[in-house]
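1. Structure for the following, please:
(chains A and B)
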Protein chains: 2
Amino acid sequence: MRGNMSAPAVILVRPQLGENIGAVARAMSNFGLSELRLVAPKNGWPNERAWDMATSATGILDKAKLFKTTAEAMHGIHFALGTSARLRGMEKPVCVPEEAARALVQQAQRKKRTALVFGPERTGLTNEDVVLCDGLITIPTSAENPSLNLAQAAVILGYEWLKAVASCKLQVASEVKSSATYNLQLATKQELQGYFDQLEAYLDEVNHFRTDDKKHVMWQNLRTIFIRAALNPQEVRTLRGVARALYMRRKE
Amino acid sequence: MRGNMSAPAVILVRPQLGENIGAVARAMSNFGLSELRLVAPKNGWPNERAWDMATSATGILDKAKLFKTTAEAMHGIHFALGTSARLRGMEKPVCVPEEAARALVQQAQRKKRTALVFGPERTGLTNEDVVLCDGLITIPTSAENPSLNLAQAAVILGYEWLKAVASCKLQVASEVKSSATYNLQLATKQELQGYFDQLEAYLDEVNHFRTDDKKHVMWQNLRTIFIRAALNPQEVRTLRGVARALYMRRKE
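-> Numbering: from 1, shown residues only, chains lettered A, B, ... in the order given. I've put the predicted structure just below:
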């Protein structure tokens, strides 16, 4: 699906440092974005430092298009979201990156061309830039140090974009793999029981459990541990080997 | 709630460039993380370039603690997640950043100390580092350029952490059950290490491992089993008792 769904263009409005432009290109490449548009970079363009910083994403810089104004850079775009640390008086919908990504994916599914718009490093987007956007994105940060740099903001939005594309690809949430995917060949209950039997016999013989009461509780705890460990057959053999090695040493 | 909930420590294992360490500190500060632990930085420590890069987050660098090994850096940690671009043969639960953040918040709510573990820039975490972790985080990236730099990975995990804390504040999280429900009084890494040391000493004495090669692999498997089992302190004591009982019978 991603092939058919066009990723947002990234529009950097009056960026200052070449390093930041390169780092944004790199982040774009990490998350499947490829179209970079630059509005009046303050230190001129092309800027060697951008290429140094972009590592394997220099292709994005090579193809970057240069514009004089934000309005011109919106060429062909149907839906643009601006990033802003500050909320302003303007009546624009404000969303978090996750919601923004979902909105971008929805637009892309309708064959609309979208853009993410970033302001200059220190000052951010002006009101004149913001009026051109359909909405604003605010990235949640710590109150103590709220200011993200340009590339960090691009990383987060690229990441949320890719996540939104992926969840759209999967369509059915039920297919989303859970985190506890121990992609294991779980041992059978019999294999596990074989280990338990062995261990119980050894521990009985060394009179580890003392009383039946104590045995019951301890044994329950031991089973709990090894069942929770979700052992595979090889691991069961490893544990049997360990128990046997410890037990057998008398015979040495 | 965030005041009471301790944020994960960030453990950088053998990081190379000071710039990256500084950029990680900056990302940490943006998302409310403050405890940085460094394992054997390749270019030495302190490193001036880190301070240059950290901008307003130099306080995190000033307080960063230095360790010789990853195991030592786990001091006091109950629950650690490692970041890994590659999935390896090891049987560890793998999760995406969102799930990881939820699991970290859950542990923090139970007053458990957590850590995010990052490997060196080029090579990532070794298997020896990974066995010490309770799970692995894989950050979804574009297939064309999958490799994130250290600071970018830290930005994403910090961002997801802050999101998870916020959603927990909103109580929304009360329903969200991570599938990796580590609902345990986890033992600390030291308690676990104590058990490993005991078991290793016993098994060495009975010459269970035969060759060093074999020992290395088997020992990695054994650690993996017991870390995955997410043991609580009582369970560690139970296992120590079992190992001791099996081992001691010669003396009867």
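
2. thought A:Gln198 was touching A:Arg244?
-> Yes: between A:Gln198 and A:Arg244 there is a contact under C-beta atoms under 8 Å: 7.4 Å. Bear in mind the C-beta positions are built from the backbone N, C-alpha and C, glycine included.

3. where does the stretch 51-200 of chain A dip in pLDDT?
-> A:85-91, A:169-186, A:189 (pLDDT under 70).

4. What segments of it are helices?
-> With DSSP state H, counting those that start in this stretch as the criterion, the stretch 51-200 of chain A has helices at A:58-62, A:70-73, A:97-109, A:127-130, A:150-170, A:189-205.

5. hmm, the last one touching chain B?
-> Yes: for a cut-off given as C-beta under 8 Å from any C-beta of the partner chain, helix A:189-205 has contacts with chain B, namely A:199, A:202-203, A:205.

6. Just give me the neighbour total for the residue lying closest to A:Asn20 once chain neighbours are set aside.
-> Distances taken as C-beta to C-beta, 6 or more residues apart in numbering or on different chains place A:Leu150 nearest to A:Asn20, at 4.5 Å, with adjacent residues excluded. Residues near A:Leu150, counting by other C-beta atoms under 10 Å in any protein chain shown, number 23.

7. winner for burial among the helices of the stretch 51-200 of chain A?
-> Across the helices of the stretch 51-200 of chain A, averaging neighbours per residue (mean count of other C-beta atoms under 10 Å in any protein chain shown) puts helix A:150-170 on top, at a mean of 23.

8. same for that one, what does it pack against?
-> In terms of contacts (3 or more C-beta pairs under 8 Å, 6 or more residues apart in numbering or on different chains; DSSP states H and E), helix A:150-170 is packed against helix A:18-30, helix A:97-109, strand A:114-118, helix B:150-169.

9. can you list the ones you listed in CSV and add distance to A:Leu81?
-> Compiled in CSV, the helices and strands packed on helix A:150-170 are given as follows (distance: least, C-beta to C-beta, whole Å):
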stretch, distance to A:Leu81
helix A:18-30, 15
helix A:97-109, 5
strand A:114-118, 6
helix B:150-169, 17
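
10. Nearest to A:Ile11, out of these?
-> Each of the helices and strands packed on helix A:150-170 has some distance to A:Ile11 by C-beta to C-beta; the shortest is strand A:114-118, at 4.6 Å.

11. what about that closest one, distance to the chain center?
-> Offset of strand A:114-118 from its chain centre (C-alpha atoms, centre = their mean, to the nearest Å): 20 Å.

12. Put the alpha carbons of that strand into CSV.
-> Presented in CSV, the C-alpha positions along strand A:114-118 are these (Å, rounded to 0.1, in the frame of the first residue of the first chain):
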residue,chain,number,x,y,z
THR,A,114,0.3,16.4,1.9
ALA,A,115,3.1,18.3,3.6
LEU,A,116,4.7,18.7,7.0
VAL,A,117,5.9,22.3,7.5
PHE,A,118,8.7,23.2,9.9
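
13. OK, contacts around A:Gly119?
-> For A:Gly119, the contact set (C-beta atoms under 8 Å, 6 or more residues apart in numbering or on different chains) comprises A:13-14, A:82-84, A:125-126, A:129.

14. Next, give phi and psi for it.
-> Backbone torsions of A:Gly119, given as degrees, to the nearest 10, read phi -90, psi 180.

15. same question, A:Glu35
-> A:Glu35 adopts backbone torsions of phi -100, psi 110, taken as degrees, to the nearest 10.

16. do you know how far the closest residue to it other than its chain neighbours is from B:Pro140?
-> In space, A:Glu35 comes closest to A:Ala9 once its chain neighbours are excluded; the distance is 4.1 Å by C-beta to C-beta, 6+ apart. In this view, A:Ala9 and B:Pro140 are 21 Å apart by C-beta to C-beta, to the nearest Å.

17. of those two, who's got more company?
-> Ranked by neighbour count (other C-beta under 10 Å), A:Ala9 and B:Pro140 place A:Ala9 first, with 23 against 17.

18. Spit out the contact partners of that one.
-> Contacts for A:Ala9 (C-beta under 8 Å, 6+ apart) come out as A:33, A:35-37, A:77, A:113-116.

19. Go again with 6 Å.
-> The neighbourhood of A:Ala9, defined by C-beta atoms under 6 Å, 6 or more residues apart in numbering or on different chains, consists of A:35, A:37, A:115.

20. Go through the residues you listed and give me the one with the most neighbours.
-> Neighbour max across the contacts of A:Ala9 (other C-beta under 10 Å) = A:Ala115, 24 neighbours.

21. circling back: from the contacts of A:Ala9, pick the one nearest A:Arg249.
-> For the contacts of A:Ala9, the nearest to A:Arg249 is A:Glu35 (68.2 Å; C-beta to C-beta).

22. Disregarding flanking residues, what is the spatial nearest neighbour of A:Gln107?
-> Spatial nearest neighbour of A:Gln107, chain neighbours left out: A:Phe79 (4.5 Å); criterion: C-beta to C-beta, 6+ apart.

23. For the stretch 1-150 of chain A, which residues are neighbours of chain B?
-> For the stretch 1-150 of chain A, the residues in contact with chain B (C-beta under 6 Å from any C-beta of the partner chain) are A:29-32, A:56, A:140-142, A:145, A:148.

24. Which one of the helices and strands packed on helix A:150-170 lies nearest to B:Ala25?
-> Counting by C-beta to C-beta, B:Ala25 lies closest to helix B:150-169 out of the helices and strands packed on helix A:150-170; the figure is 8.8 Å.

25. now what about that closest one, what contacts it?
-> A:140, A:152, A:155-156, A:159, B:1-2, B:20, B:23-24, B:27-28, B:31-33, B:83, B:97-98, B:101-102, B:105, B:116, B:118, B:121, B:139, B:173.

26. before we move on, the earlier item: for beta bridges, what are the partners of the residue nearest to A:Glu35?
-> Bridge pairing for A:Ala9 (DSSP bridges) gives the partners A:Ala115.

27. now do A:Thr83
-> With DSSP bridges as the criterion, A:Thr83 is bridged to A:Ile137.

28. For A:Gln16, which non-adjacent residue is spatially closest?
-> Nearest non-adjacent residue to A:Gln16 (C-beta to C-beta, 6+ apart): A:Lys42, at 4.4 Å.

29. In three-state terms, how would the one you found be classified?
-> Three-state assignment for A:Lys42 (DSSP: H, G, I helix; E, B strand; the rest coil): coil.

30. Report the separation between it and chain B.
-> Using C-beta to the nearest C-beta, to the nearest Å, A:Lys42 is found at 19 Å from chain B.
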